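J.: Provide a 3D model corresponding to the input given below.
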Amino acid sequence: MLKNPYLDLILTAGLTVIFIIAACFGLGMLAKWISKKRGRSPVYQESAFAGYFFAAPWIVGFIIFIIIPLTFSFYWSFTDYRVTARDPANWLGLENYITLLTKDEGFRASIINTLYLTVIGLPLQMGVALFLAVLLNRKIRGERIFRMGFYLPVILGFNTAVLLCWRLMLNTGTGIINQIIRAITNAFPLLGYVNRGIIYIQEIITAFFLGLSSGKFNLLNKVIEAGFPAANRVPLWVQSPLWSKMSVILLMIWGCGAMMLIFLAGLNNVPKELHESAEVDGASQWQRFWKISFPLLTPYVFYNLVVGLINSLQIFEPIFVLYRDNQPLVSSTISMVYYLWQKSFSHFEIGYGSAISWVILVIILVITLVQFRLQKRWVNYDLY
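T.: Have a look, this model is predicted:
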């Protein structure tokens with residue numbers, strides 16, 4: 001190591017550039033040599049060299065950063081490898097997987113929490129995205145400004161600064177979200193009853209899922225015994241285990257801009273002639289949407305469903321930033337990927353964490369394959 005960090009940085013960058021150039025030439029020459037051995041023409045050999053020369057950075061990067069780590073991870077998942085241990089990893093066979101699937105209550109709780117975020121959060125996210133797309137499909141003044149505003153959360157992403165701002169906004173007493181809820185319910189008493197009803201139903205559902213995670217339904221019994229919430233009740237977003245998962249779902253809905261754009265593209269592809277014919281026949285606006293637009297949107301719904309399920313099953317950043325330093329609540333929100341991080345990089349159990357990662361991969365793969373098998377029953381590709 002050089003004493004000067006700037007020279008060390010320059011040397012590392014220079015060696016990286018040399019490695020990339022050498023890899024490009026090496027892979028290109030290998031492709032050219034294989035083409036020559038197969039009896040290809042000189043023109044084909046030169047084309048093979050050029051193609052693999054320019055594709056080499058991606059190919060080499062894929063091998064170094066994807067294939068090799070996957071190989072090590074798969075091997076470590078059968079061992080008790082720990083970063084902090086000086087002893088070599090011991091081969092355990094299927095012990096990590098057996099413990100994970102049959103004895104680990106923490107992993108079971110993370111599966112149930114992730115299931116909650118997926119079953120409840122994903123439909124809400126897709127529903128809001130479709131609603132915004134329908135609104136933006138109308139030709140109104142300032143349409144581009146609204147599109148930019150609704151897509152801005154996707155650009156900002158779930159970075160730490162944004163999530164810390166959300167943590168302040170979700171504060172029970174001083175957060176702007178609860179202040180808006182109080183102002184609306186005070187101005188419109190009828191909406192106050194609606195708000196209290198939503199709070200009651202949401203707390204019962206969450207208490208039920210928490211009971212599934214722990215095996216005890218004491219919290220559910222307390223919520224039922226407490227009865228209908230008081231008139232001044234507001235959501236306890238980041239202060240109660242009954243609302244911690246709902247705050248994550250709120251962030252999922254806030255970041256629905258990518259789904260909205262997909263739906264908007266689908267609405268723009270619906271033939272206007274179909275709507276005009278239905279309007280002449282006396283169909284209402286809702287009937288035109290439900291009978292014409294929505295069936296033709298099913299390929300876009302399917303795409304958002306697949307991508308949304310994969311993302312919800314891998315959710316990590318909101319839970320990490322909002323609840324990592326709040327131990328009483330973290331158990332109520334811990335997802336499968338957060339549990340993977342906890343075991344691998346907090347407890348340094350790399351072998352056990354690798355087993356968790358492969359189980360998550362299998363879960364996502366199975367769910368995705370089931371979705372593709374079932375798409376023929378409800379996805380309509382007739383006009384595409």
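J.: Flag the helix or strand of the protein with the lowest per-element mean pLDDT.
T.: When each helix and strand of the chain is scored by mean pLDDT, DSSP states H and E, helix 327-333 comes last, with a mean of 80.
J.: Residues touching it, excluding its own?
T.: 109, 113, 210, 213, 238-241, 244-245, 248, 319, 322-324 (C-beta atoms under 8 Å, 6 or more residues apart in numbering). C-beta: built from backbone N, CA, C; applies to glycine.
J.: Could you export it as PDB, CA atoms only?
T.: Provided in PDB are the C-alpha atoms of helix 327-333 (Å, rounded to 0.1, in the frame of the first residue of the first chain):
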ATOM      1  CA  GLN A 327     -35.700  -2.400  18.700                       C
ATOM      2  CA  PRO A 328     -39.200  -2.600  20.200                       C
ATOM      3  CA  LEU A 329     -40.700  -2.100  16.700                       C
ATOM      4  CA  VAL A 330     -38.100  -3.800  14.400                       C
ATOM      5  CA  SER A 331     -39.500  -7.300  15.100                       C
ATOM      6  CA  SER A 332     -42.900  -6.200  13.800                       C
ATOM      7  CA  THR A 333     -41.500  -5.000  10.500                       C
END
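J.: List the buried residues in that helix.
T.: 329, 330, 331, 332, 333 (16 or more other C-beta atoms under 10 Å).
J.: any idea how far the residue nearest the centre of the chain is from residue 370?
T.: The residue lying closest to the centre of the chain (C-alpha atoms, centre = their mean) is residue 311, at 2.2 Å. Distance, residue 311 to residue 370, by C-beta to C-beta, to the nearest Å: 17 Å.
J.: can you pull out the helices in the stretch 151-300 of the chain?
T.: 160-169, 176-187, 189-214, 218-226, 244-254, 257-268, 272-280, 285-288, 294-313 (DSSP state H, counting those that start in this stretch).
J.: can you list those in a markdown table and add mean pLDDT and distance to residue 72?
T.: Shown next, in a markdown table, are the helices of the stretch 151-300 of the chain (pLDDT from 0 to 100; distance: least, C-beta to C-beta, whole Å):
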| stretch | mean pLDDT | distance to residue 72 |
| --- | --- | --- |
| helix 160-169 | 89 | 29 |
| helix 176-187 | 91 | 44 |
| helix 189-214 | 89 | 32 |
| helix 218-226 | 89 | 41 |
| helix 244-254 | 92 | 31 |
| helix 257-268 | 91 | 32 |
| helix 272-280 | 85 | 54 |
| helix 285-288 | 86 | 55 |
| helix 294-313 | 93 | 23 |
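J.: Domain-wise, how is the protein divided?
T.: 5-76, 100-163+241-384, 173-235 (automatic domain parsing).
J.: wait, which of the ones you listed is closest to residue 84?
T.: domain 100-163+241-384 (4.9 Å; C-beta to C-beta).
J.: buried set for stretch 255-263?
T.: Result for stretch 255-263 [16+ other C-beta under 10 Å]: buried residues 255, 256, 257, 259, 260, 261, 262, 263.
J.: got the contact list for the last one?
T.: Residue 263 is in contact with 129, 130, 133, 134, 297, 300, 301, 304, counting by C-beta under 8 Å, 6+ apart.
J.: How about the third one?
T.: Listed by C-beta under 8 Å, 6+ apart, the contact set of residue 257 reads 129, 150, 151, 152, 153, 154.
J.: Which helix or strand contains the second one?
T.: Going back to what we said before, that points to residue 150. helix 143-156 (DSSP states H and E).
J.: and that helix, what's its mean pLDDT?
T.: For helix 143-156, the mean pLDDT works out to 84.
J.: Just list what it packs against, helices and strands only.
T.: On a contact count with 3 or more C-beta pairs under 8 Å, 6 or more residues apart in numbering; DSSP states H and E, helix 143-156 meets helix 122-136, helix 257-268.
J.: quick check: angle from the shortest one to helix 294-313?
T.: Angular relation of helix 257-268 and helix 294-313 on a 0 to 180 degree scale: 170 degrees, by axes from the mean of the first three to the mean of the last three C-alpha atoms, to 10 degrees.
J.: re earlier: buried subset of the contacts of helix 327-333?
T.: Buried among those by 16+ other C-beta under 10 Å: 109, 113, 210, 213, 238-241, 244-245, 248, 319, 322-323.
J.: now the residues you listed in JSON lines, with distance to residue 366?
T.: Conversion of the buried ones among the contacts of helix 327-333 to JSON lines gives the following (distance: C-beta to C-beta, whole Å):
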{"residue": "109", "distance to residue 366": "20"}
{"residue": "113", "distance to residue 366": "19"}
{"residue": "210", "distance to residue 366": "26"}
{"residue": "213", "distance to residue 366": "22"}
{"residue": "238", "distance to residue 366": "33"}
{"residue": "239", "distance to residue 366": "36"}
{"residue": "240", "distance to residue 366": "34"}
{"residue": "241", "distance to residue 366": "29"}
{"residue": "244", "distance to residue 366": "28"}
{"residue": "245", "distance to residue 366": "23"}
{"residue": "248", "distance to residue 366": "24"}
{"residue": "319", "distance to residue 366": "23"}
{"residue": "322", "distance to residue 366": "29"}
{"residue": "323", "distance to residue 366": "28"}
